[in-house]
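sequence and predicted structure below; questions after.
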Amino acid sequence: MSDNIIVIKGPRELELMRASGKVTAAARSLGREMTAPGVTTRDIDREIRRFIKKSGAEPSFLGYGGFPCSACVSLNDEVIHGVPGRRRVREGDIVSIDVGAFMNGFHGDCAGTFPAGGISEEAKRLIAVTRQSFFAGLKFAREGYRVSDISHAIQDYVEGFGYSLVREYVGHGVGKALHEAPEVPNFGKPGHGPRLVRGMTLAIEPMVNMGGAAVRVLDNDWTVVTVDGSLSAHYENTILITDGEPEILTVPEDL
């Protein structure tokens with residue numbers, strides 16, 4: 001996190017964030033459309049980078065902390081931070097694509113996990129549960145609730161299906177910095193953490209493992225994988241706390 005200060009955005013800042021969020025969501029959609037057997041993870045990254053720049057934005061991830069690419073592309077047991085390269089996506093793989101776009105001084109951040117061709121019923125359910133757990137948490141992304149109310153709702157939903165939540169990596173505030181306060185875990189008891197107020201912008205991102213919760217980082221110092229080799233899925237949107245229903249700033253096409 002950039003610091004421990006939660007930055008509240010005003011109307012003009014939010015208009016700029018909506019614009020960056022729109023580009024970010026479209027980049028995720030492009031990644032979803034490209035996910036197919038035979039494509040390389042580098043192909044996906046290259047086209048996402050080209051799209052973001054063509055849209056008048058810059059890839060948020062490129063060079064962030066030394067990350068060498070514009071998108072994180074993670075396959076199967078890779079949870080997050082997959083580094084694109086020559087590897088080809090195979091039939092039956094599940095592909096997590098995490099993207100960010102920086103435009104007019106503000107970041108958008110979103111992710112999704114997509115099937116490559118025909119996938120197993122178990123993998124389909126993991127992807128669906130991960131996505132729906134975001135919306136379970138979103139119900140509590142309202143003024144007056146606390147951050148951990150979102151966290152608890154996600155955990156309760158996911159664990160109800162027998163899956164595990166990654167604990168070492170969490171959601172976060174987002175705005176002028178890609179990672180701002182507060183942290184938004186995907187687990188925990190309700191009623192804790194900062195109180196939600198209008199103007200807060202958060203990236204809520206469940207990371208769900210089919211097996212155990214334990215993860216490790218590969219030798220490339222980036223890619224996080226499940227210790228037991230089980231499949232993992234990721235879903236994320238940037239959202240705004242309002243005086244009513246939360247607003248998704250990286251609106252998915254299939255919402």
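Happy to help now that I have it.

which residues of this protein fall in helices?
Secondary structure of the chain (DSSP state H): helices at 11-34, 41-54, 121-138, 147-159.

mean neighbour count and mean pLDDT added to those helices, as CSV?
For the C-beta atoms, the positions are set from N, CA and C on the backbone; glycine is no exception. Converted to CSV, these look like this (neighbours: other CB atoms under 10 Å; pLDDT from 0 to 100):
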stretch, mean neighbour count, mean pLDDT
helix 11-34, 20, 98
helix 41-54, 20, 98
helix 121-138, 19, 98
helix 147-159, 23, 98
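
in TSV: these, plus distance to G108.
Below are these laid out as TSV (distance: least, CB to CB, whole Å):
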stretch	distance to G108
helix 11-34	3
helix 41-54	10
helix 121-138	15
helix 147-159	19
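
G229 is nearest to which of the ones you listed?
With CB to CB as the criterion, G229 lies closest to helix 121-138 of those, at 13.8 Å.

what angle sits between the closest one and helix 147-159?
If you take axes from the mean of the first three to the mean of the last three CA atoms, to 10 degrees, helix 121-138 sits at 160 degrees to helix 147-159.

neighbouring contacts of helix 121-138?
Helix 121-138 is contacted by residues 92, 94, 112-115, 150-151, 153-154, 156-158, 161, 163, 186, 204-208, 210, 231, 233-237, 239, 246, 248 when judged by CB atoms under 8 Å, 6 or more residues apart in numbering.

so how far is that helix from its chain's centroid?
Mean-position distance between helix 121-138 and its chain equals 13 Å (CA atoms, centre = their mean, to the nearest Å).

then that helix to CSV, C-alphas only?
Output in CSV follows, covering the C-alpha atoms of helix 121-138 (Å, rounded to 0.1, in the frame of the first residue of the first chain):
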residue,chain,number,x,y,z
GLU,A,121,-17.3,-29.3,-14.6
GLU,A,122,-15.2,-28.9,-11.5
ALA,A,123,-13.3,-26.1,-13.1
LYS,A,124,-16.5,-24.4,-14.3
ARG,A,125,-17.9,-24.5,-10.8
LEU,A,126,-14.7,-23.0,-9.3
ILE,A,127,-14.8,-20.1,-11.8
ALA,A,128,-18.5,-19.5,-11.1
VAL,A,129,-18.1,-19.6,-7.3
THR,A,130,-15.1,-17.3,-7.4
ARG,A,131,-17.0,-14.7,-9.6
GLN,A,132,-20.1,-15.0,-7.5
SER,A,133,-18.2,-14.5,-4.2
PHE,A,134,-17.2,-11.1,-5.4
PHE,A,135,-20.9,-10.2,-5.7
ALA,A,136,-21.6,-11.8,-2.3
GLY,A,137,-19.0,-9.3,-0.8
LEU,A,138,-20.4,-6.4,-2.9
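
can you give me the strands for the stretch 51-200 of the chain?
Along the stretch 51-200 of the chain, counting by DSSP state E, counting those that start in this stretch, strands occupy 58-59, 71-75, 78-80, 94-103, 106-115, 164-165, 171-173, 180-184.

who does the first one pair up with?
Taking DSSP bridges as the criterion, strand 58-59 pairs within the sheet with strand 94-103 (antiparallel).

among the contacts of helix 121-138, name the buried ones.
Among the contacts of helix 121-138, those classed as buried by 16 or more other CB atoms under 10 Å are 94, 112-115, 150-151, 153-154, 157-158, 163, 186, 204-208, 210, 231, 233-237, 239, 246, 248.

tell me the contacts of the residue nearest to H192 when sequence neighbours are not counted?
Spatially, and ignoring its direct neighbours in sequence, H192 is nearest to S148 (4.0 Å; CB to CB, 6 or more residues apart in numbering). By CB under 8 Å, 6+ apart, the contact set of S148 is 185, 188-193.

mind giving me the ChimeraX select for these, buried ones only?
A single ChimeraX command selects the buried members of those (16+ other CB under 10 Å):
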select :185,188,190,193
